[in-house]
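K.L.:
Here is the input, now give the coordinates:
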Amino acid sequence: MAEADDPGGTAPPQGDPEEPKQGSVVFFGGNEVKSSAVVKYSSAPPQAAFARLQEKTDLKLPPANWLRESAKLGPAGTTILGNNKKSKPFSSFGMAYDFIDSIGNDVDVVSDSENIKKLLKIPYSKSHVSMAVHRIGRTLLLDELDIQELFMRSSQTGDWTWLKEFYQRLIDQKWQRKKKSKEHWYHKAILSKFLYYSINGDGAAQPVPSTAEEHQEVPAPDESGEAGRASWPAPFEMPTSISEDPGASNQGSVPLEPSYIVGHVASAPKEQNLTTLFNDGENSQGLKNDFVRNILWTFEDIHMLVGSNMPIFGGGRYPAVSLRLRDNNKPINVLTGIDYWLDNLICNVPELVMCFHVNGIVQKYEMIKTEDIPNLENSNFSTKVIKDIAQNILSFLKSNCTKEGHTYWLFKASGSDIVKLYDLTTLCEETEDKYQNPFTMPVAILLYKVACNMMLKKNQNKKHYGTIRTLLLNCLKLLDKGRHPQIIASANYMLSELFQLDEPKKEESAAFPLNGNSDESYSEEEEEMPDSDENGSYSTSSDPPDDNKAVAIIKSVGELSVPEKYKSIHRIRPSCAFPVCHDTEERCRLVLSYVLEGLKSVDSSIKREGDLPAADPNTPIPLKYEDESTSGGPECLEKQMALFLDKMGSFQKGKHSSQSGMIPGSWQYEMKLHLILKSSRAYYILSDAAMSLQKYGRALRYIKLALHCHDTYCCLCTNVLPEVLLFLCQCLTLCGDIQLMLAQNASNRAAYLEEYNYQTKEDQEILHSLNRESSCQVFAWATDLSTDLECQLSVSCKCYEAANEILLFSNLKKQNAEQHTQVLKRLGNIRNEIGVFYMNQAAAVQTERVVSRSVSATEQQLWKKSFSCFEKGIQNFESIDDATNAALLLCNTGRLMRICAQAHCAAGEDFKREFSPEEALYYNKAIDYYLKALRSLGKREVHPAVWDSVNWELSTTYFTMATLQQDYAPLSRKAQEQIEKEVSEAMMKSLKYCDVDTASARQPLCQYRAATIHHRLASMYHSCLRNQVGDEHLRKQHRILVDLHYNKAVKLFQLLKDAPCELLRVQLERVAFAEFQMASQNSSAGKLKTLSGALDIMIKTKCAFQLIKKEIAAECDQMNDDTSNGGNTPPGDSTSNLNKDEVMKLLGIFESRLSFLLLQSIKLLSSTKKKIGGSNEEEEVLKTNKEVYSLLLRATADKSVTLLERTEVILTLLEQLTRNTETNNTGIQ
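P.N.:
Residues are numbered from 1 along each chain as shown. The predicted structure follows:
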């Protein structure tokens, strides 16, 4: 069947230059009627010129070529010349199948031209009208519903008895078959012979001598009746053999089922849109488009796809004419005029040739232009009225035929003025079997076909999603699950495909203008339209009681001639809204409900093998739960992973198996694969959504179902596609994420276990369908919920490893670089997590080790495991150039080395503790890893936080090593000087990596660390000075370093507001250093100067005492509040961090040193005064010192004073000394 689908008005496929132009506008008497036609398909040969018959030619005699094929006629044969059988009841469906693109969208009406003419003649004709009307989107399909043929069939087969009873009860109680007269058959034979004469070259009558053919001129009425009845299809039923044995070997070609698998709907080329729906007996079912021409006719604003068999001839100077035979004794009436005019408009024929005869003898010819036909004598009619009738009828039908899939019956009894519309589907549903309506199946197939066609374009225009969904839902309503499993499975799969599982949330509401008022929109469950417009043009209320079955009534055919009588209703079209799913779970659940229906349909059509496991869909399939007592641990995982990878390799080799006996290549096999994969994707999205909601138990359950689906898919599939493997990689990656989150949130394990074990009935039924095909548990190792932390981390790691392996051995790495990067990043991360887990375990073992002095084998094993994980993780991150994460893992490796160092510290009471070589080795290894981390980052700008963290850890390592060397000097192995040098170097390196200037949360820590380093270095050099003899140059150098480091320590401690004790200790050490220097001085002036400096240091401790006083006062206030509140304040709520014992100790030292310094000062000043006479300033100092000394002695003598009071006394004394010093300085100035 050729198709010329060119709206631009091209010639038909045969390319005859004399074919009329495709579009025209016709004018009549000032009233413009717009009409244009495009031939979409034509099987007619190039137009034959008609031969004018000689006068007196006897048309009762058959020509020689009568009913024979002719080159001029082409393959269409006798059909062109009007000898075709009467219009078939499904003629509009045949056209609709061929021009599926136009259905539901562009075209208003699809019908035989005879039906169109009959409708437009209703106001002029008294004859009966009986038509079946179906709605598909905005398109109405009109077919003749021959009641006489129908009821003749009913008498023989028992079908349609319900309609026959209804008809006899409400419409025609005395119904009986009306036989056509002999005159009717006589005129038909005359016309046939006339047309054959008209194409005969010589134009002369050539009678056929055979008497046998003479007897065939007028077919017997009974025979023709039988032929007519044969064209009416039987109700659609599945052949017995198929319904009894749906799993037979001819699964791929079940009659009455589409062989098209909708799994390929998105990628199938257009010409493969749908193959033959009825593999055997399509023609006998009347579903073939057997019109000579299919024309897209636009009449005013109405677009119609019309089938026509009218013979068109070329006529020399006339490009195209239609040929008519008229009895000269009978004038042309209005009905005939309208008939001729509409035929010519539909086929775009500009002229009409009429041959007049009397009793079969040709009299004359007459040529009439198409636009003149409405003005013929006795046949006057208004073209504008015809236009109004067309618009009104279309509006009436569209307003009332609202339910898609329903069969409506437009009926006007002979001689009646009342037109009634019935909903036969509703009437039929009152009987036992709704499939008694033979239109049910063709309508369902058409709905399905239109939806398939739209699905091919679904990505181009998402606004059609609502339309497609409604088409499919209405299709499913019409189908019987037992008879049409393939279409039901396909339709459900397409419904699931409409929902984009991975679309962003914003699209749910914003990107889909789905309930707009587009022309093609409609709804599957509309309320019936009101039965009257504002003019009250039709109603059911005032009619006789028998009209209550009618959907709508036109009380008088005269109303159809009133312009725009039904226009208001015509414009109202119910909208078809695509359901807006407010969250991902709702959308996925909807998809899974369609998938389940599809799976049920597939499973019901497969022959059940006797040895199939008898699983009950209502019994939950247990999701295995493992605790640590039964878990095989990581070692068991290794074996399971090996089996899994071996199986993955077998997928590549094309192994497959189905327990249910599905044959690869059958429609069940292909459809089930697509449905399973869709369910797997839906469960994956559900798992991802649950993961984002931190519902990790639910997420693991969904990913288990997703992987179970995928497992079944792989068991069935002969060749796993790369995109399916990539999806498996995504599933395993998500599974790894979930297991990691479960490990990190062990406190909620009970809640997660409850979520994990919950199952919906829908999930159980899907699992039941999966277990029909495969019982293998390839992914069980990945989806079990364990209570063992180590196991969960190992499972997570194995999931990522499996995902990585899939990408590697399936060569998907290059095409999916981003996916591979993500997998490696996760692999590096989980290896870090496992490394940290083993490291913490090692630290815990080390803490518990009390008696044993040597490192245990358990610790060493944990170190090795941890180190191995860190090493692999670093390789993962380095392979994707992730410097930051590589640096973090190097940092963690450094920390592991420090734990190893701590484990090797020799602790014991029976011998002196020394810094061991093993400690030094591991600390140096730690330093190497930290330095590698800094080199990995390159510069601070790459990641400031990580850079600062590594610097801090490096500084800490150097500091720890230096402190241990200083506190536990390895004097048995090294000289004191060597140790001091190493300590000094390590301390200075620690300072180098300790950033005290950058403002950050860590800055106070850095300042404290730096202050402590300076304090320790000053103490070390101070100690050296006390113990050293000889080498004056070195001593002088040490004195300078002591001063330098003490000063720096003081400055840094003063910046900190929470280290008053440390500040006090440093100042006291400075005083001790001054006393040490004073001891070596001989002159009084030198000693007095040193004493004065030491007292200045004492005065500068005032800020430390103020901080101490503040802390103690705050603590006292807190205690008072507690007493007044009845001691309700919880313990540990105190804001004070002050160590009281430390303060008491330092306070005692401070008091004794201040007392000593004041006494020495008094002695020196007194002796100087006696010798040389002191100045006024010195006398003032002496006087003050004596007063302070006196007060100090009294204060220290009183043992009953509190710590706060002692602190206040010290502050008072220091204040007095400060004033004296300031006075002296002022005097000097």
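
K.L.:
Just checking, which helix or strand of this structure averages the lowest pLDDT?
P.N.:
Sorted by mean pLDDT, DSSP states H and E, the helices and strands of the chain end with helix 240-244, the least confident at a mean of 33.

K.L.:
Let me know the average pLDDT across the helix or strand harbouring Gly1093.
P.N.:
Taking DSSP states H and E as the definition, Gly1093 sits inside helix 1084-1099. When the per-residue pLDDT values of helix 1084-1099 are averaged, the result is 84.

K.L.:
Could you list every helix and strand in contact with that helix?
P.N.:
Contacts of helix 1084-1099 with other secondary structure elements, assessed using 3 or more CB pairs under 8 Å, 6 or more residues apart in numbering; DSSP states H and E, are made with helix 1060-1079, helix 1140-1172, helix 1203-1228. (Glycine included, C-beta is placed from N, CA and C.)

K.L.:
ok, now which ones touch the residue nearest to Leu478 when sequence neighbours are not counted?
P.N.:
Using CB to CB, 6 or more residues apart in numbering and skipping residues adjacent in sequence, the residue nearest Leu478 is Ala444, 4.0 Å away. With CB atoms under 8 Å, 6 or more residues apart in numbering as the criterion, the residues that contact Ala444 are Gly405, Cys475, Leu478, Leu479, His484, Ile487.

K.L.:
With just CA atoms, put stretch 927-944 into CSV.
P.N.:
Extracted in CSV, the C-alpha atoms of stretch 927-944 (Å, rounded to 0.1, in the frame of the first residue of the first chain):
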residue,chain,number,x,y,z
ILE,A,927,57.1,12.4,59.4
ASP,A,928,57.8,11.0,56.0
TYR,A,929,54.1,10.4,55.3
TYR,A,930,53.2,13.9,56.5
LEU,A,931,55.8,15.4,54.3
LYS,A,932,54.4,13.3,51.3
ALA,A,933,51.0,14.6,52.1
LEU,A,934,52.3,18.2,51.9
ARG,A,935,54.0,17.4,48.6
SER,A,936,50.7,15.8,47.3
LEU,A,937,48.9,19.1,48.0
GLY,A,938,51.7,21.3,46.7
LYS,A,939,50.4,24.5,48.2
ARG,A,940,48.0,25.7,50.8
GLU,A,941,45.6,27.2,48.2
VAL,A,942,44.7,23.6,47.0
HIS,A,943,42.8,22.9,50.2
PRO,A,944,43.6,25.2,53.1
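
K.L.:
same question for the helix or strand where Lys865 lies, mean pLDDT?
P.N.:
Under DSSP H and E, the secondary-structure element containing Lys865 is helix 857-879. Here helix 857-879 scores 92 as its mean pLDDT.

K.L.:
Flag every buried residue along that helix.
P.N.:
Applying a neighbour-count criterion of 16 or more other CB atoms under 10 Å, the buried positions in helix 857-879 are 859, 862-863, 865-867, 869-870, 872-874, 876-878.

K.L.:
And stretch 93-106, by the same measure?
P.N.:
Of the residues in stretch 93-106, those buried under the neighbour-count criterion (16+ other CB under 10 Å) are 93-106.

K.L.:
What is the end-to-end distance of that stretch?
P.N.:
Start-to-end span of stretch 93-106 (CA to CA, to the nearest Å) is 16 Å.

K.L.:
and if you look at stretch 169-186?
P.N.:
Between the opening and closing residues of stretch 169-186 we find a distance of 36 Å, counting by CA to CA.

K.L.:
now the helix holding Gly1093 and helix 1060-1079, what's the angle there?
P.N.:
An angle of 180 degrees separates the directions of helix 1084-1099 and helix 1060-1079 when computed by axes from the mean of the first three to the mean of the last three CA atoms, to 10 degrees.

K.L.:
how much does the helix or strand following helix 1084-1099 deviate in direction from helix 1140-1172?
P.N.:
Sequence-wise, the next helix or strand beyond helix 1084-1099 is helix 1102-1124, with elements assigned using DSSP H and E. In terms of direction (the same axes, to 10 degrees), helix 1102-1124 departs from helix 1140-1172 by 140 degrees.

K.L.:
Now helix 1102-1124: buried residues?
P.N.:
Of the residues in helix 1102-1124, those buried by neighbour count under the rule 16+ other CB under 10 Å are Lys1102, Ala1104, Phe1105, Leu1107, Ile1108, Lys1109, Glu1111, Ile1112, Glu1115.

K.L.:
number of nearby residues for Ala1072?
P.N.:
A count of neighbours around Ala1072, defined by other CB atoms under 10 Å, yields 15.

K.L.:
sorry, back to before: could I get the buried residues of helix 1102-1124 as CSV with distance to Thr1212 and pLDDT?
P.N.:
Below are these laid out as CSV (distance: CB to CB, whole Å; pLDDT from 0 to 100):
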residue, distance to Thr1212, pLDDT
Lys1102, 11, 83
Ala1104, 15, 84
Phe1105, 10, 83
Leu1107, 17, 86
Ile1108, 14, 85
Lys1109, 11, 83
Glu1111, 18, 83
Ile1112, 15, 84
Glu1115, 21, 81
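
K.L.:
The residue nearest to Pro664 when sequence neighbours are not counted - how many residues pack around it?
P.N.:
Across the structure, with CB to CB, 6+ apart as the measure, the residue nearest Pro664 apart from its sequence neighbours is Thr718 (6.0 Å). Here the count is done by other CB under 10 Å, and Thr718 has 13 residues near it.

K.L.:
Quick check: buried residues in stretch 842-860?
P.N.:
Applying 16+ other CB under 10 Å to stretch 842-860 flags Ala842, Ala843, Val845, Gln846, Arg849, Val855, Glu859 as buried.
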